[in-house]
Each structure stands twice: as structure tokens, then as C-alpha cells.
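Asker: here is my input, please return the structure:
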Amino acid sequence: MTWWSWLLLPFLALLVLAVYDLAQRRHAILRNFPVVGHLRYLIERFGPELRQYVVADNDEEKPFSRDERRWVYATAKNENSYFGFGSDDDLTEANRVVFRHVPFPLTQPVPSTAPIPCTKIVGQWRNRPGAFRPESAVNISGMSFGSLSGAAIKALNRGSAIDGCLHNTGEGGISQHHLHGGDLIFQFGTGYFGCRNSTGEFCSETLLETISNAPVRAIEIKLSQGAKPGIGGMLPAAKVTREIAEARNVPEGRDVLSPSGHSAFSDIPTLVDFVEHVADLTGLPVGIKSAVGEVNFWTQLATYMADNGKGPDFINIDGGEGGTGAGPLVFADHVALPFWEAFSVAHNAFVKAGLADSIVFAGAGRLGTPTQAAMAMAMGVDLINVGREAMLAIGCVQAQKCHTGHCPTGVATQSKWLQRGLDPTDKGARLANYVAGLRYELLRLSFACGVKHPALLGPELVSVRWVDGRYRSLHDHYGIDASATHSAKRLGYIEEACVLS
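Answerer: Below you'll find the model as predicted:
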């Protein structure tokens, strides 16, 4: 061979690698950035060593640490999710959660599919015709088509169908990407996308038409969210594609406004009446989603519902740490209570009103890891909603470019080029693996603590280390009424759910 033939070999090798990267479907980054995308995986492989000496440790990165992301990735890929050589956490830090395992844990094998049905029946309190018990206590949080790509929505829905969990549409209407076998929670907000008339007001006929063409199990009315509580938003005309316009019932290529408040109701009585109108219209359970700011609202809402015997079938509390929607920094960082304080405010209000056993409580805001999910269920959460963790499961690398349209993995972008790297079939399977894996960890943790359902993790089994080094129960730490989370009625619901699983 001549000398120039040897120089040609590396070029041919890179060409073959580029062709392979473009053809394969498992890695979105490699399809979108052939050859150079391998640098990401090379850096990730040697990341622990580099961070140890140069950058950051495994728990410094935000909003999700390297350890948390690694656990999600490994679980989604059905790989080994164990961590070696012991914990690298500071086990004496304040606010650290400790689960009190028992000397005689439950010994029956934990099923790999980890069935954990919801302990309550959604819609039972108001006897809705469409009342149902969710098969999975872990479900996909509201992320709309528009904020996420069509490929990402398709992956989430396909994964939901495989696993049997629920897929919340987010407030962007129902698109063709939502219709791949997964059951839906149809969410709408102040823009009434998917249920609006030509002037942007709520329209009953449009709502009925929307849900008649999709497997909708319940409806969620969004008051606010943790990412941008208390404000609306604008979808610029350039982003209003034909597909997005069809899903949202808006004109293509024109700015679309989501106001800061609802036009269909303006106070608690009209909110409750609106909920009942939607439920009567559709026959489906209807709930509300909200971040928590003003405390009195929750006391007044619970009292009004108790006095009148009507209102939402479920309450979805979003913490201030929620972040699937882009928003102003001051709202993301300083508006709305963190989930733990927020949930205690809302839950305690319904305890005092005598409705805690009737209403189904959902929670969102960084609850998609075993520790956080188990804590939430111990505090009285019936349904765990996962958002960014689900994004991680289908390929997100926490690039934090969601608001720019340049998501490198095709998850949070409308770029056709970037979306092509995300294979919905492969990523759908990963989403299903992640949700089942989270439930599996919840059951393993419960069994280690001597109980057969994470909702049975009571005050004596979950503690928080206080600043003075002493431990107190999770319930005391966040002000949750422990008698309500372990009432005879709730324990009966849990026992029934365990039998069903």
C-alpha cells in the first residue's frame, strides 16, 4: 500500500462510523451529531474520574445530580443500577431522609413488574360514571406537544401503553402523537387548548369532540404549575406549526396567548361549579392541578367542598421545584412553595374538612426517584407524576436548552433535524422500563421496612435529620397529620390495592 492509502483508512473508518450513527436508532445524539456525538459518551464514561479531581462530585449538579441521572438512565436501559464502594453522601447533613428498615423484613419476592395500583378510585367520591382505579401509582406528568417534540410525546405514550401507566397530555391539546395506545389524562389550562372556541373561551362542544377521539380517562384543569406559577405564556407564531395548531384548535402561524387566569371561573364557587359542569358533560373524573402560594385558598376550597358535597375528584399539587415548562427566573426560583411544604398545606386543609379519604391526591415536582417518591407516598400522596425524569428516560441529558428549541436529543424541540435522532419505539420501551423500575424500588424499600405498600411507610419508618443532629418523623418535619395518612379508611384502601396487585 502507498503512504496515501494509509492516510485514507482513518477517513474511511470515520465515514463508516458516520453512516452507522445516522442509521442506528438507539442514541438520539449520535443520529443528530454523527461521529462527534461519541465524545459525549466518552466524557460520560470517564466522568466520575474527571469530576472527582476537576469539576464536581456526584451530588452537586442541579436540578438532577449525576447519581440521580445515572440511576434513571440505567433503569430505563434495563442495566445495572447499583452503586459501588458505598455512599459518597454526607450522612450527617441536615434534612437528610432516613428510612427505618426493620430486623424482620417481608421476605416474599418483589415482582419485577412491580404492580402498585392506586390505593383509591378516582371519581368514586362523586360517583362519576367513568370512575376508575389507576393501574399504576406512578404516571407521566403533564408535558404538552409544543413544549416537547412529537417524537418525544409519541415515545411517552408508547411507553405508557407498554407499562399501563397514565399519560397526562399537558395543556397543549391532544395530537396524533398522543394516540399510540396509552391512556390519557386530558389537561387544559387558561388557553383552553383542545376545548376552546374561536375567541379562546371554553367550549363544551369542542371538549366533547376532542375526548371522543382519544382514550381519555380523566380531565385535569390546570390552575398553575411549579415552573411558572401565577402567569400565562405566549407561543410565538413561528412555533405554531400545522400540527400544533390542529392540536390546540388555534390558527396556524399566529401568536397564541395563554392568559394568567381562567375566563370560565373566578372564585371558589364558580371553580367548583365548572368542575361539576365538565364532569356532568363528560362523565369523567375531573381534578385540578396547582402550585401552592396563598394558604387560605386551600382551607376555603376544602371547606366549601365539604359543605356542598361537590368539587374536584383529585388534587394534583405541583411543587415550586417543578420545571418541565420554561419560565422567568424569578418565578422559577422564588414563586410557589416547594412540594413538601405545598403538599402539607393542601393535604391538611382537606384533613380538617374531613375529605382527605375521599379525594385522590397526586403530586409532582422532582418526585421521580425512589427516595422522593417514597417520601411523598408516606405523606399521603396517592399518585406520583413524573416529568423531567421521564424526559431523562427517553434521552434528555439535562442540557437545559428546553426554552431555545435546540435540545440536542430531540426531546424538547420542534426541529425536524433534531427530532429525527429520537426513535419513539426504542425510547418508549425505555420509558416503560423506568416507570416499572421506579415502582420496583418503591416496593423493595417498603418490604425492607416491613410493609407491603409504600403508602404504609408511616411516621415511625421515615425520619428526617434535624439541624441539631436529632431525628424526627417525616410527618412532624413537614407538619403532616399522621392520623389522616393512616386512617382506618385509607388503610382499607391500601389493603384492597395490595390484594389487587
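Asker: need the contact list for the residue lying closest to residue 34 once chain neighbours are set aside.
Answerer: Distance criterion CB to CB, 6 or more residues apart in numbering; nearest residue to residue 34, sequence neighbours excluded, is residue 21 at 3.6 Å. For every residue, glycine as well, the C-beta is placed using N, CA and C. Contacts for residue 21 were tallied using CB atoms under 8 Å, 6 or more residues apart in numbering; they are 27, 30, 31, 34, 35, 37, 38.
Asker: contacting residues around the particular helix or strand that has the third one in it?
Answerer: It stands for residue 31. Secondary structure assigned from DSSP states H and E places residue 31 in helix 28-32. Identification of contacts with helix 28-32 by CB under 8 Å, 6+ apart yields 21-22, 24-25, 37-38, 40-41, 395, 397, 408-411, 417-418, 420-423, 427.
Asker: immediately after the longest helix along the chain, which helix or strand?
Answerer: Counting residues, the longest helix in the chain under DSSP state H turns out to be helix 424-448. As assigned by DSSP H and E, the chain's next helix or strand after helix 424-448 is strand 462-465.
Asker: moving C-terminal from that next one, which element do we reach first?
Answerer: Following strand 462-465 in sequence, per DSSP H and E, is strand 471-473.
Asker: for that next one, the averaged confidence score.
Answerer: Strand 471-473 shows a mean pLDDT of 91.
Asker: and for stretch 393-410?
Answerer: In this model, stretch 393-410 has an average pLDDT of 86.
Asker: distance between the ends of that stretch?
Answerer: 13 Å (CA to CA, to the nearest Å).
Asker: please enumerate the strands of this protein.
Answerer: Assigned by DSSP state E, the chain shows strands spanning 97-99, 138-140, 167-168, 184-188, 216-222, 233-235, 256-258, 286-290, 314-318, 360-364, 383-386, 462-465, 471-473.
Asker: show residues contacting the fourth one.
Answerer: What it means is strand 184-188. Here strand 184-188 makes contact (CB under 8 Å, 6+ apart) with 139, 142, 144, 157, 166-171, 173-174, 178, 194-195, 210-211, 214-222, 289.
Asker: low-confidence ranges in the stretch 301-450 of the chain?
Answerer: By pLDDT under 70, the low-scoring segments of the stretch 301-450 of the chain are 322-327.
Asker: for it, what spans make up the helices?
Answerer: Secondary structure of the stretch 301-450 of the chain (DSSP state H, counting those that start in this stretch): helices located at 329-334, 339-352, 370-378, 388-393, 416-419, 424-448.
Asker: return the most buried member of those.
Answerer: Most buried of those, by mean neighbour count (mean count of other CB atoms under 10 Å): helix 388-393, with a mean of 28.
Asker: excluding its own residues, what touches it? List them.
Answerer: For helix 388-393, contacts defined as CB under 8 Å, 6+ apart pick out 63-64, 69, 72-73, 75-76, 140-141, 143, 148, 152, 156, 159, 323-324, 366, 368-369, 396, 398, 411-412, 427, 430-431, 433-435.
Asker: show me the residue sitting in the middle of the protein in space.
Answerer: In the chain, the centroid-proximal residue (CA atoms, centre = their mean) is residue 386; its distance is 2.0 Å.
Asker: residue contacts, the closest residue in space to it that isn't next to it in sequence?
Answerer: Distances taken as CB to CB, 6+ apart place residue 368 nearest to residue 386, at 3.6 Å, with adjacent residues excluded. With contact set as CB under 8 Å, 6+ apart, residue 368 has these partners: 72, 384, 386, 387, 388, 389, 390, 438.
Asker: one step back: write a PyMOL command that selects only the buried members of the contacts of strand 184-188.
Answerer: Buried members of these, defined by 16 or more other CB atoms under 10 Å, are picked up in PyMOL with:
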select buried, resi 139+142+144+157+166+167+168+169+170+171+173+174+178+194+195+210+211+214+215+216+217+218+219+220+221+222+289
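Asker: can you give me the helices in the stretch 151-300 of the chain?
Answerer: 204-212, 242-248, 268-282, 295-308.
Asker: circling back: how about TSV for the contacts of residue 368, with distance to residue 489 added?
Answerer: Below are the contacts of residue 368 laid out as TSV (distance: CB to CB, whole Å):
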residue	distance to residue 489
72	35
384	21
386	27
387	30
388	34
389	31
390	32
438	27
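Asker: how about stretch 244-259: buried residues?
Answerer: Residues 244, 245, 247, 248, 249, 250, 256, 258 are the ones in stretch 244-259 that count as buried (16+ other CB under 10 Å).
Asker: stretch 270-280 too?
Answerer: Buried residues in stretch 270-280, counting neighbours by 16+ other CB under 10 Å, are found at 271, 272, 274, 275, 276, 278, 279.
Asker: for stretch 102-114, same thing?
Answerer: By 16+ other CB under 10 Å, the buried positions in stretch 102-114 come out as 106, 110, 114.
Asker: is residue 385 bridged to anything, and to what?
Answerer: residue 139 (DSSP bridges).
Asker: tell me the contacts of it?
Answerer: 139, 140, 141, 142, 168, 316, 362, 363, 364, 367.
Asker: try 6 Å
Answerer: By CB atoms under 6 Å, 6 or more residues apart in numbering, the contact set of residue 385 is 139, 141, 362, 364.
Asker: rebuild these as JSON lines, extending it with distance to residue 182.
Answerer: Shown next, in JSON lines, are the contacts of residue 385 (distance: CB to CB, whole Å):
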{"residue": "139", "distance to residue 182": "10"}
{"residue": "141", "distance to residue 182": "13"}
{"residue": "362", "distance to residue 182": "17"}
{"residue": "364", "distance to residue 182": "18"}
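Asker: buried among those residues? Need that as a selection in ChimeraX.
Answerer: ChimeraX command restricting those to the buried ones, with burial defined by 16+ other CB under 10 Å:
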select :139,141,362,364
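Asker: list just the nearest of the contacts of residue 385 to residue 96.
Answerer: Using CB to CB, residue 364 is the member of these that sits closest to residue 96, with 22.8 Å.
Asker: for residue 404, see how far away the closest residue to the closest one other than its chain neighbours is.
Answerer: By the measure of CB to CB, 6+ apart, the closest residue to residue 364 outside its immediate chain neighbours is residue 385, 4.1 Å from it. Per CB to CB, to the nearest Å, residue 385 is found 25 Å from residue 404.
Asker: what of residue 100?
Answerer: Distance of residue 100 to residue 404, computed by CB to CB: 45 Å.
Asker: who's more crowded, those two?
Answerer: Regarding residue 100 and residue 404, a neighbour count based on other CB atoms under 10 Å identifies residue 100 as having more, with 16 against 11.
Asker: okay, the more buried one: pLDDT?
Answerer: We have a pLDDT of 94 for residue 100.
Asker: any idea how far it is from residue 459?
Answerer: Distance from residue 100 to residue 459, by CB to CB: 10 Å.
Asker: got any residues that touch both of the two?
Answerer: By CB under 6 Å, 6+ apart, no residue touches both residue 100 and residue 459.
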